[in-house]
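Asks: need a 3D model of the following:
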Amino acid sequence: MAGRLAFGAVCGIILALLAIGGSKGSERTTINMGTSPASGLGAQIAEFAAEAWSLSGDEAPPAGLEYGHLRVFCSQDADEIATVGATFSIINPFNFTRAEPFGMPREEFDSRMARLRAFTDRAHAQGITVISYVSANTTTHKEGVVAEAPLAQAWSDAGAWNQYKDFYGPRPAEPPDRWFEKKSDGSYGGHVWIPPWAQEERHYELAGCSHSPGFRQYLAGIMNILCEAGIDGIYLDHSEVSNPFSEDSIRCFQEFLGARYSVPEAREQFGIENLSEARPTDRRGDRLGAESVLFAAASGGEIHQYLRDHARQRDPDFIMSGNLYAADTFQAAVLDGSDIQLAAAVDTFLYSELASGQDNIPGTRDGLRVSAAPLNRMITASSRTGAATTYTHYPNSPNPIPSAEALYNIQRLATAEAFANHCAFRRIEESHDARVKEGAKSVYDLLRGIEPELLGAQMAANIGVVASLENVYHRQYSYHLEVSRALADAGFAHEMIAPRNLTGERLAHYRVVILPNTVVLGDDAYRALVEFAKGGGAVIGFGAVGTLDRRGNPGPAERLTEQLDYRRLPLDEDRAARDGDLGWDDGKVRRAAWGRGQWTDDLRPTMAGLVAAVEEMAGGTATARVHEADGVEITAMRRDGSDGLIVHLVNYGVDFEGEVTPARDVKVSVAVPKGGKATRVEWHALDGVSQTPEVSAADGRASFTVPELPVYGIAVVRSGRGEGGLGQGGL
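Replies: This next block holds a predicted model:
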């Protein structure tokens, strides 16, 4: 990936040449401590968006991040990490949000760096990957007051800054009042963070501006510190661009438009005579609305790229990730430019917090199954490496969970849900109660026991749901999360497809492809879908499929109707537009749908029709299904070179008190290819010994029954010879 989008490494001007450590800190080398020049960054952001959108296909994850091996426990105790069974840790070596190490005596800093280096050396010796939490926000003692921020105070004190000049370079000429995002009214952007476990606390933070040369230099200095300590990468929090209205942001936006449109095009598209008059907007319906959201989204990806490429001058394998998505999904993408699919062009793995109070914590509430699985599936599909970490809650008590004992099974369920959808649960930490750690360890013990079978496995269902965030730029909602929930409720194993994977090679894996109001559809994707249908694949769509291209011009919808024979389902005409506008206001309506399966009256017929169509087109050939088991979700995976289909079963019968209602007599079936057969099933479950359920075969499917499923189990279904592997029935 380092070579695919590498222009960020050469786009800076030299502020200083610093002598910092070599490979993993073992020797000294000289690298460029550059930042982006005062002009041209907007054009680079436009180039990032174009290159990111041009990528197709996926790539293998780096060593240590493979599925089946990636297990997270956040600690600076390598022995504890290993004891829990984890392979990956996210740590906070310094409180960068409070501008450490500025204000810290150099002797203390050097001592902490030595201890940190000893920890990373020990972790690496045990095969543990270590990355650091870094925030693009900075604390201020008074809301919106830059002068009260420790970072601003460090800049104001030349001695304090120069004490760490070897990492941060010469003190930037640009003062800190230019380093932070501004809202459209001129006030400073940022937010007030309220810890879930301490609701009375208020943490005021300013949002760093990714377009500010001074702030970019400051973040590059943090990269230098982490590389010196032997840390493998970062998770950059708050890297979304919510308020691009500072002087630097406005300048970059004008350059961004100038790189994307000629003067006549800008005049025709936006009514702009002079690009120097253009301003980003947060007003719905504004002609520059789509470009403003894209500018924010691409800016978030570009700062990831810039920092990654800067760090890779020192460590070619430096890992980059960041929190560019959130629980409200579409709302976050509209308001914050949080396009995780753009970020996937540069991020080594994808990271997303799915936490939203109690709303997304998996389990059973008031008789309803609450699931964050659709979000996990979307994030997995969005990751180019297939590597992703997510979390649905902070495993703390008493808020929002009443006790550590209750958290034990809730944590097991949340960890299982993430893993069953090709993610790793991120938030298990050394500060958590021992019972929480025991819950995580029980899942990790299960996974470690069959790691050779899981290592490198990929999602393998032959029902695919296109999950596109490009609708965001045109105020149209995409229903991939709702469709995923409806399919899960009907017992179908399925997966999501990122737009970059609408290619002939990838579509050949599917029996059914669903386009849930996929408004933006490029010509290449259109042609691949036409060939897929000609080859016997089934396409289901609803809403305004293919009506626009990326610039908002007419898309291939008319040709789709003429050349692609696909099943069109009804969708209320105004529904998608209303849901698109809801992205500007409120995410709760949609979360009730995909999180709890509560359909509104105008959406219910569409979801019912969808399930009926899938049943008709793939009911007998679906890769895997769970039958008559309310509260159980199924996913399927396959590993190259293995004769086994990996089937995950997750029981959501866990309430807020941590009480588990086991699912009983869970019936599962998998597709068997022509001439093939299922020879045996190997069953591995939490708190249970491995078993070998009896397998029966009929009508091209192999079936088995799990007598009792408390929370989570994994079945490996072995196949005999046939035309393809198990679960590939269909095309």
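
Asks: when you work out contacts or count neighbours from here on, use the C-alpha atoms and nothing else.
Replies: Will do.

Asks: for the lengthiest helix in the chain, buried residues please.
Replies: If you go by DSSP state H, the chain has its longest helix at helix 289-311. Within helix 289-311, the residues that qualify as buried are 289-311, counting by 16 or more other C-alpha atoms under 10 Å.

Asks: after it, which helix or strand is next?
Replies: The helix or strand immediately downstream of helix 289-311 is strand 319-322, counting by DSSP states H and E.

Asks: next, the buried residues of that next one.
Replies: Ile319, Met320, Ser321, Gly322.

Asks: so which one among the residues you listed has the lowest pLDDT?
Replies: Within the buried residues of strand 319-322, Gly322 has the lowest pLDDT, namely 90.

Asks: in the sheet, who's paired with that residue?
Replies: Beta-bridge partners of Gly322, counted by DSSP bridges, are Leu236.

Asks: quick check, it in contact with Gly301.
Replies: No - contact criterion C-alpha atoms under 8 Å: Gly322 and Gly301 do not qualify, at 9.2 Å.

Asks: what segments of the stretch 401-550 of the chain are strands?
Replies: In the stretch 401-550 of the chain, the strands defined using DSSP state E, counting those that start in this stretch lie at 424-425, 458-459, 463-466, 495-497, 512-516, 538-542.

Asks: distance-wise, check Pro244 relative to Val145.
Replies: Distance of Pro244 to Val145, given as C-alpha to C-alpha, to the nearest Å: 18 Å.

Asks: how much space separates the residue located most distally from the centre of the chain from Lys165?
Replies: If you look at how far each residue of the chain sits from its centre, by C-alpha atoms, centre = their mean, the farthest one is Gly159, at 40.4 Å. Using C-alpha to C-alpha, we find Gly159 at a distance of 10 Å from Lys165.

Asks: ok, Asp317 next?
Replies: For Asp317, the distance to Lys165 - C-alpha to C-alpha - is 25 Å.

Asks: with neighbour numbers in mind, choose between those two.
Replies: Set Asp317 next to Lys165 and count neighbours by other C-alpha atoms under 10 Å: Asp317 wins out with 19 against 15.

Asks: check what pLDDT the nearest residue in space to that one that is not next to it in sequence gets.
Replies: Leaving aside its sequence neighbours, Asp317 sits nearest to Asp232 (C-alpha to C-alpha, 6 or more residues apart in numbering; 7.6 Å). For Asp232, the model assigns a pLDDT of 98.

Asks: spit out the contact partners of Pro452.
Replies: Pro452 sits next to Gly68 when contact means C-alpha atoms under 8 Å, 6 or more residues apart in numbering.

Asks: just the C-alphas of stretch 377-394, formatted as CSV.
Replies: Backbone C-alpha positions of stretch 377-394 (Å, rounded to 0.1, in the frame of the first residue of the first chain) are rendered in CSV as follows:
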residue,chain,number,x,y,z
ARG,A,377,-20.1,-6.4,8.1
MET,A,378,-20.0,-3.0,6.4
ILE,A,379,-16.6,-2.1,8.0
THR,A,380,-15.1,-5.4,7.1
ALA,A,381,-16.2,-4.9,3.5
SER,A,382,-14.8,-1.4,3.5
SER,A,383,-11.3,-2.5,4.6
ARG,A,384,-9.0,-3.2,1.7
THR,A,385,-6.9,-5.6,3.9
GLY,A,386,-10.0,-7.2,5.6
ALA,A,387,-8.5,-6.1,9.0
ALA,A,388,-10.8,-4.1,11.3
THR,A,389,-11.4,-3.4,14.9
THR,A,390,-14.6,-2.1,16.4
TYR,A,391,-16.4,-1.7,19.7
THR,A,392,-20.0,-1.3,20.7
HIS,A,393,-19.5,-0.1,24.3
TYR,A,394,-17.0,0.7,27.0
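
Asks: chain center to that stretch: distance?
Replies: In terms of C-alpha atoms, centre = their mean, to the nearest Å, the centre of stretch 377-394 is set 4 Å apart from its chain centre.

Asks: repeat that for stretch 649-662.
Replies: That offset, for stretch 649-662, works out to 26 Å (C-alpha atoms, centre = their mean).

Asks: wait, doesn't Arg260 sit right on Phe48?
Replies: No - at 11.5 Å, Arg260 and Phe48 do not qualify as touching, with contact defined as C-alpha under 8 Å.

Asks: of those two, give the one with the bigger neighbour count.
Replies: Taking other C-alpha under 10 Å, Arg260 and Phe48 do not tie; Phe48 has more neighbours (25 against 16).

Asks: where does that one sit: helix, strand or coil?
Replies: Phe48 falls in the helix class when you classify it by DSSP: H, G, I helix; E, B strand; the rest coil.

Asks: distance-wise, check it relative to Ile128.
Replies: 32 Å.

Asks: same thing with Ala220?
Replies: 25 Å.

Asks: host element of Gly221?
Replies: Using DSSP H and E, the element containing Gly221 is helix 213-228.

Asks: just checking, what packs against that helix?
Replies: The helices and strands touching helix 213-228, judged by 3 or more C-alpha pairs under 8 Å, 6 or more residues apart in numbering; DSSP states H and E, are strand 17-21, helix 165-168, helix 289-311.

Asks: okay if I get these as TSV plus distance to Ala461 and mean pLDDT?
Replies: Formatted as TSV, those follow (distance: least, C-alpha to C-alpha, whole Å; pLDDT from 0 to 100):
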stretch	distance to Ala461	mean pLDDT
strand 17-21	46	34
helix 165-168	48	98
helix 289-311	30	94
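
Asks: for Leu487, find the nearest of the ones you listed.
Replies: helix 289-311 (30.0 Å; C-alpha to C-alpha).

Asks: which residue ranges make up the domains of this structure?
Replies: The chain is divided into the following domains under automatic domain parsing: 7-353, 463-618, 624-719.

Asks: so for Tyr408, which of those domains sits nearest?
Replies: The nearest among the domains of the chain, by C-alpha to C-alpha, is domain 624-719 at 6.9 Å.

Asks: how far away from the center of its chain is the closest one?
Replies: 27 Å.

Asks: ok, now stretch 612-630?
Replies: 28 Å.

Asks: what comes up buried for that stretch?
Replies: Residues of stretch 612-630 classed as buried: 613-615, 617-627, 629-630 (neighbour count, 16+ other C-alpha under 10 Å).
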